[in-house]
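[1] Here is a sequence with its predicted model. Questions after.
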Amino acid sequence: MPSASPSENRVLLVVDVQNDFCPGGALAVPGGDELPTIINKLSRRFAHVILTQDWHPEDHLSFASSHPGAKPFTSVELSYGPQILWPDHCVQNEEGAEFHPKLKVEHCEMIIRKGYHRDIDSYSAFFENDRTTPTGLAGYLRERGLNRLFLVGLATDFCIAYSALDARRLGFEVTVIESACRGIDLDGSLEASWLQMEEAGVIRA
Ligand code: VGL
Ligand code: ZN
């Protein structure tokens, strides 16, 4: 299998820069709207760019509204383990699921959607939250020889951290560019996720 040239084995993975994760959205991450400008500029230094898009059916099981009486930001036990319940967000085909209008990465070569199975959430770009159902991204990257990942986007302590940890587990080199990420920070989750990422050999840049 031919691999990409050494200078082109890097790929920028832009995670969930969508309206609902930005101020004014359903699950707003503070400062999320600062990222499009930063990422647009950064993306020019990468020959390969992939975007992820959180893409839920309207009755998704990660929504508090799918559990009568449950409040957002509490946790429930699902078949695959604990799941935080979120406000309804990134519903398929709705405006909240669209990329932030200022995000302009024309040379993006693939958009990977996740969280589209009703019964299972998917923080990571590689596996759904059962940690075993693959999204197909690892196969794509391997087949194309893209083995150095640079992660940016939202949210540092959920989709970025889960993606970074899975990528390390799969043997990729992983760098998280902190200035181009923003976190949710539920009960210290931001600090905890950085510790886990650093332990796993993720480069914090
Ligand atoms: C995310 C919570 C729910 C994320 C997605 O992009 O970090 N967080 N869905
Ligand atoms: Zn989601």
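    The structure has been received and is ready for your questions. Residues are numbered from 1 along each chain as shown. Ligands and ions are numbered 1, 2, ... in the order given.
[2] CA atoms for contacts and neighbours, from now on please.
    Noted.
[3] tell me the SS of the residue nearest to Asp185 when sequence neighbours are not counted?
    Leaving aside its chain neighbours, Asp185 sits nearest to Asp157 (6.7 Å; criterion: Cα to Cα, 6 or more residues apart in numbering). Here Asp157 is helix, with the state taken from DSSP: H, G, I helix; E, B strand; the rest coil.
[4] And Ile112, by the same measure?
    Here Ile112 takes the strand state, with states given by three-state DSSP.
[5] Quick one: distance of the longest strand anywhere in the chain to the chain centre.
    Longest strand in the chain, counting residues (DSSP state E): strand 173-182. In this view, strand 173-182 has its centroid 11 Å away from the chain centroid, taken as Cα atoms, centre = their mean, to the nearest Å.
[6] close to ligand 1, is that strand?
    No. Between strand 173-182 and ligand 1, judged by Cα under 6 Å from any ligand atom, nothing touches; the nearest distance is 9.4 Å.
[7] neighbouring strands for that strand, and are they parallel or not?
    Partner strands and pairing direction for strand 173-182 (DSSP bridges) are strand 148-154 (parallel), strand 203-204 (parallel).
[8] for the ones you listed, which one sits closest to ligand 1?
    Closest to ligand 1 of the strands paired with strand 173-182, according to Cα to the nearest ligand atom: strand 148-154, at 5.2 Å.
[9] in terms of contact count, name the helices or strands touching the longest helix seen in the chain.
    Counting residues, the longest helix in the chain under DSSP state H turns out to be helix 189-199. Judged by 3 or more Cα pairs under 8 Å, 6 or more residues apart in numbering; DSSP states H and E, helix 189-199 is in contact with helix 161-169.
[10] Next, the angle strand 173-182 makes with the helix it packs on.
    Angle of helix 161-169 versus strand 173-182, following axes from the mean of the first three to the mean of the last three Cα atoms, to 10 degrees, is 170 degrees.
[11] Okay, angle between helix 161-169 and helix 189-199 too, please.
    With the same axes, to 10 degrees as the basis, helix 161-169 and helix 189-199 are set at 10 degrees to each other.
[12] which of the residues in helix 161-169 are buried?
    Residues of helix 161-169 classed as buried by neighbour count (16 or more other Cα atoms under 10 Å): 161-168.
[13] of the residues you listed, closest to Thr133?
    Nearest to Thr133 among these, counting by Cα to Cα, is Asp166 at 12.0 Å.
[14] Good, wrapping up.
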